[in-house]
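> have a look at this prediction, sequence included:
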Amino acid sequence: MALRTILTDEDELLRKVSREITQVDDRIQELIDDMIETMYENHGIGLAAVQVGVLRRLFVMDIQDGNGPYILINPQIVSQKGTQVGQEGCLSVPGRWGDVERPEKVVFKALDRTGKPIKLKAEGLLAVCACHEFDHLNGTLFTDKVTGELIRS
Ligand code: GNR
Ligand code: NI
């Protein structure tokens, strides 16, 4: 296991669309372990592979609900319902926060780290985090979706 460097600010890689993972091989397993370690080290609740410079469709999450870490490979949104607005931040956009509208509930299908198909039913903060991470896979940052002012600290 190893910590990886998190890309920040206007690194253009953060704007690229990540590619599907075709084989959940040993390199992907190592990447997953490194991403989880890097997320915890930086006190994040989620981390997408692109944030450590790997343009693959994978993210990890742990919102400290006792069920993490969640690992989603090649995630797809199956359904979503309702809306919620909450303040977001991003490890790749340090020192900035702002309100973003997200679905209240969202269902994802994905592969787990063994390559098995899974469904994740997320609501509340987990839904916010999963949608934030999913956006990273398409080169979208929360700052693109902020309603109202972007707070700087
Ligand atoms: O650690 C993080 N906290 C957070 C808070 C509110 C909404 C989304 C997030 S995700 C963020 C980690 C991160 O940048 N993931 O991509
Ligand atoms: Ni982020």
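Nice, I can see it. Just so it is clear, the structure is predicted and the values come from calculations on it, not from any experiment. Numbers count the residues shown, from 1 in each chain. Ligands and ions are numbered 1, 2, ... in the order given.

> near ligand 1, which residues of the protein?
For the chain, the contact set with ligand 1 under C-beta under 6 Å from any ligand atom comprises 44-48, 51, 88-92, 128-129, 132-133, 136. C-beta coordinates here come from the backbone N, C-alpha and C atoms, glycine included.

> any chance you could map the helices in the chain?
For the chain, helices defined by DSSP state H occupy the ranges 26-41, 125-137.

> using TSV, lay out those together with mean pLDDT.
Listed next are the helices of the chain as TSV, based on pLDDT from 0 to 100:
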stretch	mean pLDDT
helix 26-41	98
helix 125-137	99
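
> can you redo these as TSV, where the extra columns are distance to Leu7 and mean neighbour count?
Output for the helices of the chain, formatted as TSV (distance: least, C-beta to C-beta, whole Å; neighbours: other C-beta atoms under 10 Å):
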stretch	distance to Leu7	mean neighbour count
helix 26-41	11	17
helix 125-137	10	23
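
> what sits up against the longest strand anywhere in the chain?
Scanning the chain for the longest strand, with DSSP state E as the assignment, gives strand 70-81. For strand 70-81, the external contacting residues (C-beta atoms under 8 Å, 6 or more residues apart in numbering) are 20-21, 24, 28, 32, 36, 57-62, 103-113, 115, 118-120, 126, 130, 133-134, 137.

> could you turn the buried ones of these into a ChimeraX selection?
With 16 or more other C-beta atoms under 10 Å as the burial test, the buried ones among these are selected in ChimeraX as follows:
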select :21,24,28,32,36,57,58,59,60,61,62,103,105,106,107,108,110,111,113,118,120,126,130,133,134,137
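
> quick one, what contacts the residue lying closest to Leu125 once chain neighbours are set aside?
Among residues not flanking Leu125 along the chain, Ile63 sits closest, at 5.2 Å (C-beta to C-beta, 6 or more residues apart in numbering). With contacts defined as C-beta under 8 Å, 6+ apart, Ile63 is in contact with 45-46, 125-126, 129.

> can I get the residues you listed in TSV including distance to Leu150?
As requested, the contacts of Ile63 are exported to TSV (distance: C-beta to C-beta, whole Å):
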residue	distance to Leu150
Ile45	20
Gly46	20
Leu125	21
Leu126	24
Cys129	19
